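*Asks:* no sequence on this one, just coordinates:
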């Protein structure tokens, strides 16, 4: 039942609408009114569009699965719910399809003026039986479960290439317009990478036009440090406060900066952070490794070509002061020339964002002295419409002072928030003792380094959901056991384990403290003795077998992927005699359903799955073969070799241990 069939009574009263249509079998959510933006990812190809899941899988391999409320649609696709007011999300209208490399994919957006169906919506077939339905994958649903859209995804939505309907974007409401430029995003394992329509108004996503000097310096670093003079620039991707990724395509076999030889074409990124450039390879042997420093840009003018005016914090109010208008290209070039001639290199590293703001918004600059001219006075310049003249009326000085005031106000808010968190949990730290006399802690004496230590100690660790390099290096152990006191222990609950109630009193006693100190001293003596015998050895002694066995047992008990493989997969040939293989999209869908039905975290089926499957002996290639036919035989996609999903008949014949007869 579509809501438009109720003669628009629902606009006045949903209760009245339900009275008139008591046999309603659907629930619709008004996306914009509800404050959410929903991405609809179709699983099937239709209307000239390729399956949206095909594109989505490639995006997830790069950025990781966004952590937000999501649902399975009636057709088997996905609905991902994000907050409509997500920072960076300018395009809040509906759209139909994403166009990548001249191919349109079935990814739609529903925002202001948009409607999506949700659970418990269901459909009946011609025989009156339930044929398909919607269900929450990681419910229960709530507005709080809808997370902020990741920046990479917001940029993609802002500059989509599909057909739009509904309300205008923020830019259009303010009199601007959306325009695009071709930017290629690197896709691991692909020779050709999709190119997304991006917004020219975003400085960090501009094509190389205007960055010729920077691109030349990056190419120079690649040639000198990595011996690579053949790879070609493909585009750039923002990495938030961590810098900008410059994506490169390779052609044919090559040896990467990590020293590995890669057969066939594969891609890599250069991460630029201020003056520093880091190398990240997407080859199978290197994709899990952290970035490696390639070098430092010696040309300050090149390093400044991608300076932005992005806010440094959600509470950044440095944009409040806009006393001057943006200058022309000639003005900006002249301004940059003054910076290059007079600014010390350290200015970019320490005041990069403040400088970028004044450079792009104010059109004014503080000309600093350099090391060779310490005695020369600092000069301010303003643009009078025809030339640069020395500022004798303190216009620039007042602007600079105001901007520094905004920056210091932002820092004060951060310090108050940081100390407030500390005092809330440790009130005794509001003062400290000097020579035996308690003295109050002066917040003004807390410097940035001390504040960072407080935040690291008091705040919950967090990292961007699109930082795949960090995610790949995280090893998570799921502690499923709950330890209980003897009187609370449930013998029928296999997840309960007894607490050693004698351990805490022992450590708190004088005897326990002495034994602990003695244990530490003995351990240190043993360590230095073994180190003296083998100073070059990386391992002083083997890990005790008891410990290794316990780790293996615990890991096997919590290996949800292995549980799924044992229960729903097989390595045997098919009935037609074909070797076992399965497409990634079909494997992920089955694994996700298994996790959801078992009450486990469905994120286990996301980023890191490919590496886990490779470690279990199921690679993504077999010789030169990389594509696998889907179960219905209609498509060929990437997947895993040496394993396949069991058929319904095989599942029916599987014994309690997951074995086939």
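*Replies:* Received the coordinates, thanks. Here the structure is a predicted model, which is why all the values come from computation and not from measurement. Numbers count the residues shown, from 1 in each chain.
*Asks:* domain parsing for this structure?
*Replies:* 31-172, 184-306, 316-451, 558-652 (automatic domain parsing).
*Asks:* in terms of mean pLDDT, which of those ranks lowest?
*Replies:* For the domains of the chain, mean pLDDT drops lowest on domain 316-451, to a mean of 52.
*Asks:* buried residues of the helix or strand where residue 563 lies, list them for me.
*Replies:* Assigned by DSSP states H and E, residue 563 belongs to helix 560-568. By 16 or more other Cβ atoms under 10 Å, the buried positions in helix 560-568 come out as 560-561, 563-565, 568. For glycine as for every other residue, the C-beta is placed from the backbone atoms N, C-alpha and C.
*Asks:* what does stretch 92-102 give?
*Replies:* Quick answer for stretch 92-102 (16+ other Cβ under 10 Å): 92-100.
*Asks:* can you pull out the strands in the stretch 51-200 of the chain?
*Replies:* 70-72, 78-83, 94-100, 103-110, 115-118, 122-124, 130-133, 135-136, 163-165, 180-184, 195-199 (DSSP state E, counting those that start in this stretch).
*Asks:* tally of neighbours for residue 638?
*Replies:* By the measure other Cβ atoms under 10 Å, the count of residues near residue 638 is 19.
*Asks:* for it, what is the enclosing helix or strand?
*Replies:* Per DSSP H and E: strand 636-641 holds residue 638.
*Asks:* contact partners of that strand?
*Replies:* Contact partners of strand 636-641, identified using Cβ atoms under 8 Å, 6 or more residues apart in numbering, comprise 54, 189, 579-587, 613, 618-622, 625-630.
*Asks:* check stretch 30-42 too.
*Replies:* 29, 49, 51-53, 56, 73, 75, 77-86, 89, 92, 106-116, 143, 146, 149, 153, 157, 166-167.
*Asks:* please convert the buried members of those residues into ChimeraX selection syntax.
*Replies:* Filtering the contacts of stretch 30-42 down to the buried ones (16+ other Cβ under 10 Å) takes a single ChimeraX command:
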select :29,49,51,52,53,56,73,77,78,79,80,81,82,83,84,86,89,92,106,107,108,109,110,111,112,114,115,116,146,149,153,157,166,167
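*Asks:* mind checking the SS state of the residue lying closest to residue 249 once chain neighbours are set aside?
*Replies:* Leaving aside its sequence neighbours, residue 249 sits nearest to residue 234 (Cβ to Cβ, 6 or more residues apart in numbering; 4.9 Å). Three-state call for residue 234 (DSSP: H, G, I helix; E, B strand; the rest coil): strand.
*Asks:* count the residues that sit near residue 234.
*Replies:* Neighbours of residue 234 (other Cβ under 10 Å): 19.
*Asks:* gap between the two ends of stretch 526-545?
*Replies:* With Cα to Cα, to the nearest Å as the measure, stretch 526-545 spans 19 Å from end to end.
*Asks:* ignore the last one, stretch 114-134
*Replies:* Note: stretch 114-134 ends 18 Å apart using Cα to Cα.
*Asks:* and what of stretch 276-286?
*Replies:* 21 Å.
*Asks:* which residue packs closest to residue 92, ignoring adjacent ones?
*Replies:* residue 111 (4.4 Å).
*Asks:* thought the one you found was touching residue 84?
*Replies:* Yes: assessed by Cβ atoms under 8 Å, residue 111 is found in contact with residue 84 at 6.2 Å.
*Asks:* overlap in contacts of those two?
*Replies:* In contact with both residue 111 and residue 84: 31-32, 37, 92, using Cβ under 8 Å, 6+ apart.
*Asks:* neighbour-wise, which one of those leads?
*Replies:* That'd be residue 37 among the shared contacts of residue 111 and residue 84, by other Cβ under 10 Å, with 28 neighbours.
*Asks:* which SSE is it in?
*Replies:* strand 36-41.
*Asks:* still on that earlier bit, tell me how far the residue nearest to residue 92 lies from residue 148.
*Replies:* 14 Å (Cβ to Cβ, to the nearest Å).
*Asks:* same question for residue 545.
*Replies:* 47 Å.
*Asks:* ok, those two, which is more surrounded?
*Replies:* residue 148 (16 against 8).
*Asks:* identify the residue nearest the more buried one in space, chain neighbours excluded?
*Replies:* residue 86 (4.6 Å).
*Asks:* surely that neighbour touches residue 154?
*Replies:* Yes: using Cβ under 8 Å, residue 86 makes contact with residue 154 at a distance of 5.9 Å.
*Asks:* ok, residue 89 - contacts?
*Replies:* 37, 82, 149, 154, 157-158.
*Asks:* and those residues as a markdown table, adding distance to residue 518?
*Replies:* Putting those into a markdown table (distance: Cβ to Cβ, whole Å) gives the following:
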| residue | distance to residue 518 |
| --- | --- |
| 37 | 61 |
| 82 | 56 |
| 149 | 55 |
| 154 | 57 |
| 157 | 62 |
| 158 | 63 |
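*Asks:* quickly list what residue 273 is bridged to.
*Replies:* residue 276 (DSSP bridges).
*Asks:* so where is the stretch 451-600 of the chain shaky, pLDDT-wise?
*Replies:* 451-481, 543, 547-558, 596-600 (pLDDT under 70).
*Asks:* what segments of it are strands?
*Replies:* In the stretch 451-600 of the chain, the strands defined using DSSP E, counting those that start in this stretch lie at 482-484, 496-498, 569-570, 581-583.
*Asks:* dump the ones you listed to CSV, plus distance to residue 259 and mean neighbour count.
*Replies:* Listed next are those as CSV, based on distance: least, Cβ to Cβ, whole Å; neighbours: other Cβ atoms under 10 Å:
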stretch, distance to residue 259, mean neighbour count
strand 482-484, 46, 14
strand 496-498, 46, 12
strand 569-570, 35, 21
strand 581-583, 32, 22
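*Asks:* who wins for proximity to residue 650 among those?
*Replies:* strand 569-570 (6.7 Å; Cβ to Cβ).
*Asks:* for the contacts of residue 89, which two are the farthest from each other?
*Replies:* 82 and 158, at 13.1 Å, using Cβ to Cβ across the contacts of residue 89.
*Asks:* residue 510 and residue 517: what is the separation?
*Replies:* Residue 510 is 11 Å from residue 517, by Cβ to Cβ.
*Asks:* have a look at those two and say which one is more surrounded.
*Replies:* When residue 510 and residue 517 are compared for neighbours, residue 517 comes out ahead with 10 against 7, by other Cβ under 10 Å.
*Asks:* distance of the more buried one relative to residue 503?
*Replies:* 17 Å.
*Asks:* same deal with residue 90?
*Replies:* 56 Å.
*Asks:* higher neighbour count, the two?
*Replies:* residue 90 (21 against 10).
*Asks:* so what does that one look like in phi/psi?
*Replies:* phi -90, psi -30 (degrees, to the nearest 10).
*Asks:* right, and it touches residue 155 too?
*Replies:* No: in this structure, residue 90 is not within contact of residue 155 by Cβ under 8 Å, at 9.2 Å.
*Asks:* run a quick neighbour tally on the residue lying closest to residue 256 once chain neighbours are set aside.
*Replies:* What sits nearest to residue 256 in space, not counting adjacent residues and going by Cβ to Cβ, 6+ apart, is residue 281, at 4.5 Å. Burial of residue 281 is recorded as 24 neighbouring residues (other Cβ under 10 Å).
*Asks:* hang on, residue 281 packs against residue 259?
*Replies:* No: under the criterion of Cβ under 8 Å, residue 281 makes no contact with residue 259, lying 10.1 Å away.
*Asks:* mutual contacts of these two, please.
*Replies:* Counting by Cβ under 8 Å, 6+ apart, nothing touches both residue 281 and residue 259.
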